[in-house]
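K.L.:
missing the sequence, but the structure's below:
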RNA sequence: GCCCCCGUAGCUUAACGGAUAGAGCGUCGGUCUUCGGAACCGAAAGUUGGGGGUCCGAUUCCCUCCGGGGGCGCCA
């Protein structure tokens, strides 16, 4: 690819001047006036220079350009603005890249940065105490897409759903069902909602069980009958459902206690076992094992079980464990990081916090709460707008941004959702190729150097940027950029479509070249939609 | 009180510390003899919440104030 070559040549020029090149950034110019690619290296170098004979960025840029003997792909290069170097690529060189995309096909955009490395992504991990909510849908779209991207970059990815299938909330679930049947007294904190009543009738012959036991049955049932089907509808894939109960059964709790005590990071006080999180910056130490006095019984906290779970996973040799959590867990996120640091896995944990999804109806916020039974389920959303819109919608926002969701509006506006704009482009591409396919034989090979129209080269430049986006996302985890990438791709394509007739273009070598470009665009768009888990329809 | 995220056009939002802050929806005005009008072209619309600071350069980093959301359990 041209950009790679350009980067190399630039690096050579910079180094021959005696500068430390570091990592040179060559990016697509934000404006056609600034050429095809732009480099801010001179600005960077000016900053690095310490005092003394300080040179201005403009001088450095000129200096670099002089060393840059004009390679054959370059039309011209110039210094602009405060010290940018703008590169104008010969259009026929740009267009040659279409061939490279076509050769790579389904593999276009892949890289091998993660080759031989195992990485784990944990996401959703909603308690099995009710149906999945919109927030879980967001986590699902984010996590699944990130896993796809990492896998595209060569990593061996494991997708994990941690199932909190034991503990307080499970007992509460059992009690909620018992209370719904009048077996025990109702309490404020019990789960509400229709599904509780349905569970009660489904499990009518099990209501003599202890709440915790019943809760286990209910949790298993909800996981299988509610959660997994919703996950499937979202086209989200998991490699493993990691059961919290199994942490106990396998004796992992004791191992953690031993390890933490051996490092003098756990101690007993007031009958409880504590983790010295204050040593890592926490405002106070945290309980690992509850006390008789405090809690009425001695049992591991969720925190302790989760440490055991993390440890178990990390010992499998993942270079990183990415965990996507709701922002309401932000202080917990710190805590688990400290715990893993304590156990020798510093920097192996990456936590992505996503802000809440709030629901609005008729201008009023509806508080979503599983307890109160006032939530909108992921299934309801999928009924309304379908998987593609749901996934694209959740992916559009940066995880840092809170989503205010208006269900009525979503329904009304779903037909003008950006996802259709993007999918329509794909359908158009497919249509052109289908027509070309049955109307004529391939009599002449395409001459890509004929693709010189601005709308053609702009489209090509955008296609060529796809592998970069994949690589960047592998580092930054900012999967929402794929939505804007595909929207822009659709945009470039529609403009090309308006400006350049494909079928019947003269000479035939041009028609073939344009068909090649359409095909390359289709490959790129399909590949990026695949990463997002959004379908790329042949027709709509 | 402490901690985290956010504040950008009427609405929803984007922008490795870079050039003229980019889109979608909505509004207004255009474009149909060939490949799908779910499209394209154009216009109006921004003091990037306020104020300081660092920098050649700040939507981005730092401080402060204001506003919104979330979290501060021997719950999970």
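P.N.:
That came in fine, so what should we check first? Please read these numbers as outputs of a predicted model, since none were measured by experiment.
K.L.:
please make it C-alpha for all contacts and neighbour counts, starting now.
P.N.:
Fine.
K.L.:
domains in chain A, by residue range?
P.N.:
A:2-89, A:123-249+A:355-412, A:417-532 (automatic domain parsing).
K.L.:
in the stretch 101-250 of chain A, what residue comes closest to RNA strand B?
P.N.:
The nearest approach of the stretch 101-250 of chain A to RNA strand B comes at residue A:168, 4.4 Å away (C-alpha to the nearest atom of the strand).
K.L.:
give me the neighbour count for that residue.
P.N.:
13 (other C-alpha atoms under 10 Å).
K.L.:
then residue A:404?
P.N.:
12.
K.L.:
give me the element it is part of.
P.N.:
strand A:403-406 (DSSP states H and E).
K.L.:
name the residues of that strand that are buried.
P.N.:
Buried residues in strand A:403-406, defined by neighbour count with 16 or more other C-alpha atoms under 10 Å: A:403, A:406.
K.L.:
any idea how far it is from the chain center?
P.N.:
19 Å (C-alpha atoms, centre = their mean, to the nearest Å).
K.L.:
could you do stretch A:123-130 as well?
P.N.:
With C-alpha atoms, centre = their mean, you get 19 Å for stretch A:123-130.
K.L.:
now swap in stretch A:466-486 and tell me
P.N.:
The mean C-alpha position of stretch A:466-486 is separated from the chain mean by 9 Å, C-alpha atoms, centre = their mean.
K.L.:
do the same with stretch A:250-269
P.N.:
34 Å.
K.L.:
which residues sit against that stretch?
P.N.:
By C-alpha atoms under 8 Å, 6 or more residues apart in numbering, the surrounding residues in contact with stretch A:250-269 are A:247, A:273-276, A:300, A:304-305, A:307-309, A:312, A:342-343.
K.L.:
quick check, nearest of those residues to RNA strand B?
P.N.:
residue A:300 (7.0 Å).
K.L.:
report pLDDT for the closest one.
P.N.:
Looking at residue A:300, its pLDDT reads 94.
K.L.:
and if you look at the one 10 residues further on?
P.N.:
Reading off the per-residue confidence, residue A:310 sits at a pLDDT of 96.
K.L.:
now swap in residue A:35 and tell me
P.N.:
86.
K.L.:
would you agree it is in contact with residue A:85?
P.N.:
No - using C-alpha atoms under 8 Å as the test, residue A:35 is too far from residue A:85 to be in contact (9.5 Å).
K.L.:
with neighbour numbers in mind, choose between the two.
P.N.:
Neighbour totals were compared for residue A:35 and residue A:85, and residue A:85 leads with 26 against 19 (other C-alpha under 10 Å).
K.L.:
OK, contacts around that one?
P.N.:
A:38, A:39, A:40, A:41, A:42, A:61, A:65, A:77, A:78, A:79.
K.L.:
mind putting those residues into TSV with distance to residue A:399?
P.N.:
Output for the contacts of residue A:85, formatted as TSV (distance: C-alpha to C-alpha, whole Å):
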residue	distance to residue A:399
A:38	29
A:39	29
A:40	29
A:41	31
A:42	33
A:61	38
A:65	41
A:77	38
A:78	38
A:79	37
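K.L.:
in PyMOL, how would I select just the buried ones from those residues?
P.N.:
Listed next is the PyMOL selection for buried residues among those, using 16+ other C-alpha under 10 Å:
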select buried, chain A and resi 38+39+40+41+42+61+65+77+78+79
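K.L.:
if we check RNA strand B, which of the contacts of residue A:85 are in contact?
P.N.:
A:38, A:39, A:40 (C-alpha under 7 Å from any atom of the strand).
K.L.:
want to throw those into JSON lines with pLDDT and distance to residue A:108?
P.N.:
Output for those, formatted as JSON lines (pLDDT from 0 to 100; distance: C-alpha to C-alpha, whole Å):
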{"residue": "A:38", "pLDDT": "90", "distance to residue A:108": "24"}
{"residue": "A:39", "pLDDT": "90", "distance to residue A:108": "25"}
{"residue": "A:40", "pLDDT": "87", "distance to residue A:108": "28"}
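K.L.:
bridging residues for residue A:37?
P.N.:
residue A:28, residue A:87 (DSSP bridges).
K.L.:
which residues of chain A score low on pLDDT?
P.N.:
A:21, A:48-55, A:362-363, A:368-375, A:409, A:412-414, A:438-444 (pLDDT under 70).
K.L.:
repeat the analysis, applying 80 as the threshold.
P.N.:
Chain A contains residues with pLDDT under 80 at A:1, A:19-23, A:32, A:46-57, A:69-70, A:359-375, A:405-416, A:437-445.
K.L.:
quick one: residues contacting residue A:460.
P.N.:
Here residue A:460 is in contact with A:94, A:95, A:97, A:98, A:517, A:521 (C-alpha under 8 Å, 6+ apart).
K.L.:
what helix or strand is the third one located in?
P.N.:
Per DSSP H and E: residue A:97 is located in helix A:91-104.
K.L.:
same for that helix, what does it pack against?
P.N.:
helix A:2-16, helix A:454-464, helix A:508-532 (3 or more C-alpha pairs under 8 Å, 6 or more residues apart in numbering; DSSP states H and E).
K.L.:
helices or strands up against the longest one?
P.N.:
Counting contacts by 3+ C-alpha pairs under 8 Å, 6+ apart, the secondary-structure elements packed against helix A:508-532 are helix A:91-104, helix A:134-152, helix A:378-396, helix A:418-439, helix A:454-464, helix A:481-499.
K.L.:
by how many degrees do it and helix A:134-152 diverge?
P.N.:
Calculated by axes from the mean of the first three to the mean of the last three C-alpha atoms, to 10 degrees, helix A:508-532 forms an angle of 130 degrees with helix A:134-152.
K.L.:
over to the second one?
P.N.:
Interaxial angle of helix A:454-464 relative to helix A:134-152 (the same axes, to 10 degrees): 90 degrees.
K.L.:
helix A:454-464 vs helix A:91-104, what angle?
P.N.:
Using the same axes, to 10 degrees: helix A:454-464 against helix A:91-104 is 40 degrees.
K.L.:
now the next helix or strand after helix A:454-464: buried residues?
P.N.:
Next helix or strand after helix A:454-464 toward the C-terminus (DSSP H and E): helix A:466-476. The neighbour-count check on helix A:466-476 (16+ other C-alpha under 10 Å) flags A:466, A:467, A:469, A:470, A:471, A:473, A:474 as buried.
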